[in-house]
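[1] Let me see the structure of the following:
(one chain, ligands or ions: 1)
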Amino acid sequence: MSIPQRVTKAHATGNDFVLYLDAAGDREPTAAEVRFLCDRHFGVGGDGLIRLTRPDAVADLTAAQREACAQGGAEWFMDYRNADGSLAEMCGNGTRATALFARRAGLFAGGTFRLGTRAGVKELAYLGDLEPYGRDVFRVDIGAWRMGERGAHRVSIPGTEGSAPGTFVDMGNPHVVAIVGAAAGIDRTPALREALACAGLPDVPDLDLAVKPVVSPAIPTDQNVEFVRIDALGEDAGAATMRVNERGCGETLSCGTGLCATAVTLRAHTGVGVWDITVRGGVLRVEVSDGDVRLTGSATLVADLDLL
Ligand SMILES: N[C@@H](CCC[C@H](N)C(=O)O)C(=O)O
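    From the prediction side, this is the model:
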């Protein structure tokens with residue numbers, strides 16, 4: 001096994017990870033090892049595996065990605081793998097779990113941590129305990145986003161009647177967001193009315209997300225899919241509920257980049273850029289501006305484990 005004996009189980013709003021430190025950079029996991037450790041019955045269990053290592057130790061990085069880490073002042077790198085063993089460019093919740101792990105290990109001093117990822121360097125600020133988000137809250141500057149044409153895809157779930165328009169959002173990793181409902185009394189802009197008129201899926205809590213959604217036209221990289229209901233909408237801020245089926249692992253209790261993609265799409269439909277979004281694992285805040293997205297939520301270290 002290339003993985004060290006000591007690993008840590010962590011989660012960030014219920015998105016759970018097996019995490020380990022590879023300071024020497026010689027513990028790159030194989031896809032089979034990732035699948036074994038993330039298996040909930042035969043392994044430790046997790047939505048993904050995170051190796052915290054040096055940018056130089058990540059074999060698949062291009063020269064440009066390494067240079068971005070150097071320019072961005074990131075000494076440490078989050079090497080993220082989905083539970084099925086595939087690589088992912090980014091994991092928003094994973095950055096917070098990794099930062100808490102690095103903080104405990106004394107790998108950064110002060111309140112901010114600059115972490116390299118395949119989608120660039122992310123800066124995290126430690127905010128401590130902060131209601132209503134929970135304990136050990138971090139705000140992550142996720143950076144730039146890119147949205148495709150609004151509603152250009154159709155999202156359906158095999159075995160469930162109906163479909164809804166889906167919008168592609170690149171958060172460093174690929175997402176498709178479908179707004180499937182809004183609470184009664186919400187002021188409906190023409191763009192929101194248009195989205196909801198075309199949506200014919202059950203309400204968010206009733207969706208069967210054990211089944212992988214189908215996106216048409218298909219996205220070559222595959223994608224994470226978010227289903228959203230707007231719960232409240234004010235002039236400056238709104239509230240929504242979101243569930244997600246992730247590329248490489250299925251339904252998860254939370255997805256940080258998915259929350260960012262959700263807020264980007266909601267802003268495009270409503271003009272509002274600040275959202276408190278409830279997922280099955282908690283509540284997080286997302287702030288979207290033209291140039292970037294910031295994500296605020298908690299992180300938890302659950303246990304240190306010695307593999308046998
Ligand atoms: N849960 C993560 C995203 C993890 C990667 C994703 N499944 C992908 O393949 O893009 C998050 O919090 O952002």
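[2] Quick one: residues contacting the closest residue to Gly148 other than its chain neighbours.
    Closest residue to Gly148 apart from its sequence neighbours, by C-beta to C-beta, 6 or more residues apart in numbering: Phe168 at 3.5 Å. The way it works is simple: take the backbone N, C-alpha and C, and place the C-beta from them, glycine included. Phe168 is in contact with Met147, Gly148, Glu149, Ala152, His153, Pro174, His175, Val176, Ile219, Gln223, counting by C-beta atoms under 8 Å, 6 or more residues apart in numbering.
[3] ok so Phe168 is a strand residue?
    Yes - counting by DSSP: H, G, I helix; E, B strand; the rest coil, Phe168 is found in a strand.
[4] so what pLDDT did it get?
    As predicted, Phe168 sits at a pLDDT of 98.
[5] go on, Val34?
    pLDDT, Val34: 98.
[6] Burial check on it, number of neighbours?
    A count of neighbours around Val34, defined by other C-beta atoms under 10 Å, yields 25.
[7] Report pLDDT for Asp141.
    Looking at Asp141, its pLDDT reads 98.
[8] and the gap between it and Val44?
    30 Å (C-beta to C-beta, to the nearest Å).
[9] Pull up the distance across stretch 180-195, start to finish.
    Taking C-alpha to C-alpha, to the nearest Å as the measure, stretch 180-195 stretches 8 Å from start to finish.
[10] got a list of contacts for it?
    Outside stretch 180-195, the residues that touch it by C-beta under 8 Å, 6+ apart are 150-151, 164-165, 179, 196, 199, 201-204, 207, 227-233, 268-271.
[11] How far does that stretch sit from its chain's centre?
    In terms of C-alpha atoms, centre = their mean, to the nearest Å, the centre of stretch 180-195 is set 25 Å apart from its chain centre.
[12] Next, the buried residues of that stretch.
    Within stretch 180-195, the residues scored as buried using 16 or more other C-beta atoms under 10 Å are Val180, Gly181, Ala182, Ile186, Arg188, Leu192, Ala195.
[13] what's the closest of those to the ligand?
    Taking C-beta to the nearest ligand atom as the measure, the ligand lies nearest Val180 of these, at 20.4 Å.
[14] Whichever strand or helix holds the closest one and the ligand, any residue contact?
    Element membership for Val180, per DSSP states H and E: strand 174-182. No - Strand 174-182 does not reach the ligand (C-beta under 6 Å from any ligand atom); its nearest approach is 6.5 Å.
[15] Can you give the strand pairings for that strand, parallel or anti for each?
    strand 163-170 (antiparallel), strand 224-233 (parallel) (DSSP bridges).
[16] how about the first one against the ligand, any contact?
    Translated: strand 163-170. No - using C-beta under 6 Å from any ligand atom, strand 163-170 never reaches the ligand; the gap is at least 10.6 Å.
[17] I'm done for today, thanks for sticking with me.
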